[in-house]
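Visitor: model the structure of this input:
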Amino acid sequence: MAFTGKYELESQENYEEFLEAIGLLNAKTDHKVVTEVVQDGKKFTWTQTIPNWTWSNTFTVDQECELTTMMGSKFKAPVTMEGGKISVQFPQYQFTAEIIDDKLVMNCTTTGEKGVTFKRVSKRV
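Guide: Numbers count the residues shown, from 1 in each chain. From the prediction side, this is the model:
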């Protein structure tokens, strides 16, 4: 299913534990995150917004892409898609995203010894 759309946070699990595991607990926010995805074939623009902050990445599936972390650091990583699930290895966690029942389901699993998985489900708006 195509990812293109605008999604608003519906639920999340292990948010604080995840932020703590990657050293960003002070970045915690109670704002509802809005995620906007524009997909053109294998090319994506992925933007997350809360008041006073926007984070965006443009990437192409099956290519190594220059991406930016939530804190603004740049890194290179391949972006893959298998079975409709996007996967990217960020420096501190593995990111996956897929559409399930018209909802955007994102999982971030830390690569440290704790292995905390943060799950965010967003509904299409």
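Visitor: and stretch 58-73, C-alpha only, in PDB?
Guide: What follows is stretch 58-73 as a C-alpha-only set of coordinates in PDB (Å, rounded to 0.1, in the frame of the first residue of the first chain):
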ATOM      1  CA  THR A  58      14.300  12.500   1.500                       C
ATOM      2  CA  PHE A  59      15.400   9.000   0.400                       C
ATOM      3  CA  THR A  60      15.100   6.400  -2.300                       C
ATOM      4  CA  VAL A  61      14.500   2.800  -1.500                       C
ATOM      5  CA  ASP A  62      17.300   0.400  -2.500                       C
ATOM      6  CA  GLN A  63      19.900   3.100  -2.400                       C
ATOM      7  CA  GLU A  64      22.400   4.400   0.200                       C
ATOM      8  CA  CYS A  65      21.000   7.800   1.200                       C
ATOM      9  CA  GLU A  66      22.200  10.800   3.300                       C
ATOM     10  CA  LEU A  67      19.800  11.100   6.100                       C
ATOM     11  CA  THR A  68      19.500  13.300   9.200                       C
ATOM     12  CA  THR A  69      18.800  12.200  12.800                       C
ATOM     13  CA  MET A  70      16.300  13.900  15.100                       C
ATOM     14  CA  MET A  71      19.100  16.000  16.500                       C
ATOM     15  CA  GLY A  72      20.400  17.100  13.100                       C
ATOM     16  CA  SER A  73      23.400  14.800  12.600                       C
END
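Visitor: so which bits of that stretch are buried?
Guide: Across stretch 58-73, burial judged by 16 or more other C-beta atoms under 10 Å covers 59, 61, 65, 67, 69. C-beta coordinates here come from the backbone N, C-alpha and C atoms, glycine included.
Visitor: how far does it sit from its chain's centre?
Guide: Averaged C-alpha coordinates place stretch 58-73 at 11 Å from its chain's average position (C-alpha atoms, centre = their mean, to the nearest Å).
Visitor: list the contacts of it.
Guide: With C-beta atoms under 8 Å, 6 or more residues apart in numbering as the contact definition, stretch 58-73 has outside contacts at 24, 27, 42-46, 55-57, 74-81, 86, 88, 90-92.
Visitor: repeat the analysis, applying 10 Å as the threshold.
Guide: 19, 22-24, 27, 38-48, 53, 55-57, 74-82, 86-93, 95 (C-beta atoms under 10 Å, 6 or more residues apart in numbering).
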